[in-house]
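Colleague: quick one: sequence and predicted model below, then my questions.
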Amino acid sequence: MQTIDFSPFYRSTVGFDRLFSRLDNLQEAKSYPPYNIERVGEDAYRVSIAVAGFAQSDIAIESKENGLTIKGAKAPETAEKAREFLHRGIAERAFELRFQLAEYVEVTGANLENGLLHIELKRVLPESKKPRQIAINTGTKSLEDQAAVN
């Protein structure tokens, strides 16, 4: 795997350190557990994670600032519950997935169904960030004159 050294950019830029840190983090390949990211609407998204063998109590989801963290860990087996595998193809090892969320993207819910954990996300823009129409005045009155009348 090819790695890129961003250290020369750290020395010659100001204020972009967060950008280069994100690029450094992108190089880490996340392969377990497998997951999908899909767009399910104009401003709605879903992250689906294959968590076969994990119960709802084994999984923790945390949304903090612009990040989403999903952790899964099974309780260690006791001697009385120990199983003997002839073939073990379903991994039950602990995992931690981290996703960087865009501004105004919020987690709206999570659902564990048929071995898949679905996390619903939605972009919710505040009213101040939504586009708005600006009326065009056609009279000869200035804005100050209109304010004085009102």
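Modeller: Thanks, I have it. All values reported here derive from a predicted model rather than from experimental measurement.

Colleague: where does the protein have low pLDDT?
Modeller: Scanning the chain with the threshold set as pLDDT under 70 gives 1-30, 78-80, 140-150.

Colleague: rerun at 80
Modeller: For the chain, applying pLDDT under 80 flags the ranges 1-31, 76-82, 129-130, 139-150.

Colleague: other residues contacting stretch 40-53?
Modeller: Under the contact criterion Cβ atoms under 8 Å, 6 or more residues apart in numbering, stretch 40-53 has outside partners 33-39, 59, 68, 70, 72, 74, 90-92, 97, 99, 105, 112, 115-125. (Each C-beta comes from the backbone N, C-alpha and C, glycine too.)

Colleague: for burial, what's the neighbour tally of residue 92?
Modeller: 15 (other Cβ atoms under 10 Å).

Colleague: so it, which of the three states?
Modeller: Under DSSP: H, G, I helix; E, B strand; the rest coil, residue 92 falls in the coil class.

Colleague: before we move on, back to that, buried ones from the contacts of stretch 40-53, can you make that a ChimeraX selection?
Modeller: Here is the ChimeraX command that selects the buried residues among the contacts of stretch 40-53 (16 or more other Cβ atoms under 10 Å):
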select :33,35,59,68,70,72,97,99,105,117,118,119,121,122
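
Colleague: now intersect the contacts of stretch 40-53 with the strands, please.
Modeller: Assigned to strands by DSSP state E, the following of these qualify: 35-39, 59, 68, 70, 72, 97, 99, 105, 112, 116-123.

Colleague: backbone phi and psi for residue 45, please?
Modeller: phi -140, psi 160 (degrees, to the nearest 10).

Colleague: residue 68 contacts residue 102, correct?
Modeller: No - using Cβ atoms under 8 Å, residue 68 makes no contact with residue 102, being 11.1 Å away.

Colleague: state the distance from the residue nearest to residue 36 when sequence neighbours are not counted to residue 55.
Modeller: Nearest residue to residue 36 in three dimensions, chain neighbours excluded: residue 48, at 4.6 Å (Cβ to Cβ, 6 or more residues apart in numbering). Per Cβ to Cβ, to the nearest Å, residue 48 is found 17 Å from residue 55.

Colleague: the two: which is more packed in?
Modeller: Neighbour count, other Cβ under 10 Å: between residue 48 and residue 55, residue 48 has more, with 16 against 11.

Colleague: tell me the angle the helix or strand harbouring that one makes with strand 35-39.
Modeller: Using DSSP states H and E, residue 48 falls within strand 44-50. Strand 44-50 runs at 160 degrees relative to strand 35-39, counting by axes from the mean of the first three to the mean of the last three Cα atoms, to 10 degrees.
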